[in-house]
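J.: coords please:
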Amino acid sequence: MSVRPDIAMILAAGLGTRMRPLTDRMPKPLIEVAGRTLIDRALDIAEGADVARAVVNLHYLGHMIGAHLEARAKPEILYSPEEPEILDTGGGIRQALPLLGTVTVTIYYTGYVLYLAALAVILARALRRQSRAIRWVILGHLPLLLIGMTNVVVGLFAQEGRVFDSYWSQNLALAFEVIVTSFAVADRFMILKRERDRARSEARVLEQLTERDALTGLLNRRAIESRFEILRAQGFTTLAVIDLDHFKQVNDRHGHMVGDQVLKCVAKALKPAGENSLAFRMGGEEFVLLLRGENAMERAEARRMAIGMCVDETSPLTEGVTASMGIVEAPLDSLADASFEALYTRADRLLYEAKAAGRNRTMAERLKVFRPRTRAERRAAA
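T.: Predicted coordinates for the structure are as follows:
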């Protein structure tokens with residue numbers, strides 16, 4: 001069983017701006033195509049479908065459209081003028097709803113109610129998931145939703161012929177939505193910035209944890225190996241390897257807890273007092289000092305001597321603890337291979353020479369850069 005429409009609507013209020021200059025003095029619906037106007041062609045289709053009435057909205061040169069349609073018998077023409085301002089498509093249809101009949105009004109607003117209900121369900125589900133962004137969406141859309149519900153109430157339950165004019169309220173609601181959306185975007189950027197800063201902070205903490213000795217708090221082998229070239233370029237040209245003498249006996253006699261306490265005392269004695277020295281724990285009872293500036297060897301020796309005094313003051317040991325040291329001072333350009341491995345190997349050999357010589361002492365090596373004298377210097381010397 002087919003259902004034939006009883007009423008139709010022709011949208012004829014447009015300004016026809018895309019058809020200039022044809023529409024400078026004539027409304028678009030009255031432009032002829034193959035000898036017949038556009039609006040007559042549309043009404044012919046409606047008449048052929050047995051449509052009894054047709055609603056035509058008017059605005060731009062509407063009097064010309066009305067005068068043209070006076071001669072038309074079918075379908076019956078009902079006019080919906082849009083004054084003083086032209087409405088959009090939805091606004092034009094909404095204004096014409098009283099002319100379109102109760103059934104059309106009910107169908108129109110019932111569909112809008114279903115849309116609002118579906119939107120409310122979607123927003124409620126997102127809100128239940130504690131979405132922060134959906135709160136901004138609800139706040140931004142709230143005025144539009146209230147206007148929509150007002151349209152529904154007025155359209156379904158107000159007296160016939162009454163229409164809620166929501167043109168300006170919709171514009172204000174859209175402006176409010178733009179402002180709220182701007183704040184939502186800014187809020188999202190701030191969240192991303194905080195997450196980025198937190199991730200960077202956690203990465204720095206993890207990096208520090210991986211480059212710090214857990215027991216003593218000194219930098220570890222990984223730290224010196226990864227930064228050695230940079231530190232050497234910054235002037236840290238003196239490397240010392242320090243090893244506690246007979247430390248295994250401390251662990252065997254007093255236990256590892258006391259041994260750990262001794263290692264903490266050593267770290268306290270070696271910790272840098274300024275920016276010209278760095279201390280590292282290589283593992284076990286072996287430590288490394290990196291120094292720069294004047295009197296680097298003398299300062300390293302003072303640190304070695306301080307180990308015994310620190311242990312005597314803070315540890316429960318009755319016997320003293322001593323340390324041996326091998327130290328290399330290698331100015332820039334003094335060696336072809338000045339990598340960490342090369343200098344560490346030199347200092348380590350000196351350390352074992354100190355051990356072999358009786359322990360509790362330092363063996364040092366100071367390298368010099370040979371630079372040939374210039375011709376002027378040789379002549380002056382001659």
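
J.: Can you list phi and psi of residue 223 for me?
T.: The phi/psi pair for residue 223 (degrees, to the nearest 10) reads phi -60, psi -40.

J.: And for it, the neighbour number?
T.: As a burial measure, residue 223 scores 20 neighbours (other C-beta atoms under 10 Å). Where you see a C-beta, it was placed from the backbone N, CA and C, and this is true even at glycine.

J.: cool, residue 376 as well?
T.: 8.

J.: So the closest residue to residue 33 other than its chain neighbours, which state does it fall into?
T.: Nearest residue to residue 33, sequence neighbours excluded (C-beta to C-beta, 6 or more residues apart in numbering): residue 41, at 7.1 Å. Here residue 41 takes the helix state, with states given by DSSP: H, G, I helix; E, B strand; the rest coil.

J.: What separation is there between residue 41 and residue 10?
T.: Separation of residue 41 from residue 10 (C-beta to C-beta, to the nearest Å): 10 Å.

J.: Go through stretch 292-307 and flag the buried ones.
T.: Residues of stretch 292-307 classed as buried by neighbour count (16 or more other C-beta atoms under 10 Å): 292, 296-297, 299-301, 303-307.

J.: Looking at the residues you listed, which are in helices?
T.: Of the buried residues of stretch 292-307, the ones assigned to helices by DSSP state H are 296-297, 299-301, 303-307.

J.: For residue 57, give its distance to residue 12.
T.: 6 Å.

J.: do the same with residue 357
T.: Taking C-beta to C-beta, one finds residue 357 at 111 Å from residue 12.

J.: what do you get for residue 129?
T.: 47 Å.

J.: Between those two, which is the more surrounded one?
T.: Applying other C-beta under 10 Å to residue 129 and residue 12 shows that residue 12 carries more neighbours, namely 26 against 8.

J.: Now that that one has come up, it's in contact with residue 39, right?
T.: Yes. Between residue 12 and residue 39 there is a contact at 5.9 Å, judged by C-beta atoms under 8 Å.

J.: Between those two, which contacts overlap?
T.: 29, 56, 65 (C-beta atoms under 8 Å, 6 or more residues apart in numbering).

J.: Next step: these restricted to helices.
T.: residue 65.

J.: neighbour-wise, which of the shared contacts of residue 12 and residue 39 leads?
T.: Going by other C-beta under 10 Å, residue 29 tops the shared contacts of residue 12 and residue 39 with 28 neighbours.

J.: Now do the contacts for that residue.
T.: Counted by C-beta under 8 Å, 6+ apart, residue 29 has contacts 10, 12, 37-39, 42, 65.

J.: Can you name every helix or strand that the longest helix seen in the chain contacts?
T.: Once the chain is assigned using DSSP H, the helix that runs over the most residues is helix 167-210. If you count contacts as 3 or more C-beta pairs under 8 Å, 6 or more residues apart in numbering; DSSP states H and E, helix 167-210 packs onto helix 132-157.

J.: so where's the stretch 51-200 of the chain uncertain?
T.: 90, 101-109, 155-167 (pLDDT under 70).

J.: repeat that for 90
T.: 51-63, 65-177, 180-181, 184-185, 187-189, 191-192, 194-200 (pLDDT under 90).

J.: List the beta-bridge partners for residue 240.
T.: With DSSP bridges applied, residue 240 shows beta-bridge pairing to residue 289, residue 327.

J.: that older thread, closest to residue 173 out of the contacts of residue 29?
T.: Taking C-beta to C-beta as the measure, residue 173 lies nearest residue 12 of the contacts of residue 29, at 28.1 Å.

J.: now the closest one, nearest residue through space, not along the chain?
T.: Spatial nearest neighbour of residue 12, chain neighbours left out: residue 29 (4.4 Å); criterion: C-beta to C-beta, 6+ apart.

J.: neighbours of residue 351, just the number please.
T.: For residue 351, the count of nearby residues is 22 (other C-beta under 10 Å).

J.: Tell me the pLDDT of the nearest residue to it once chain neighbours are set aside.
T.: Of all residues not flanking residue 351 in the chain, residue 326 sits nearest, at 3.3 Å (C-beta to C-beta, 6+ apart). Model confidence at residue 326, given as pLDDT, is 96.

J.: burial measure for residue 326, as a count.
T.: 24.

J.: Please list all residues in contact with it.
T.: Contacts of residue 326 (C-beta under 8 Å, 6+ apart): 240-241, 346-354, 362-364.

J.: Out of those residues, who's the most crowded?
T.: Greatest neighbour count in the contacts of residue 326, by other C-beta under 10 Å, goes to residue 240: 29 neighbours.

J.: Would you mind measuring from the closest residue to residue 170 other than its chain neighbours to residue 172?
T.: Nearest non-adjacent residue to residue 170, counting by C-beta to C-beta, 6+ apart: residue 147, 5.9 Å away. From residue 147 across to residue 172, the span is 9 Å (C-beta to C-beta).

J.: Between the two, which is the more surrounded one?
T.: With neighbours defined as other C-beta under 10 Å, residue 147 and residue 172 compare such that residue 147 has more, 16 against 13.

J.: Confirm for me that that one is in contact with residue 169.
T.: Yes. The criterion here is C-beta under 8 Å, and residue 147 meets it with residue 169 at 5.5 Å.
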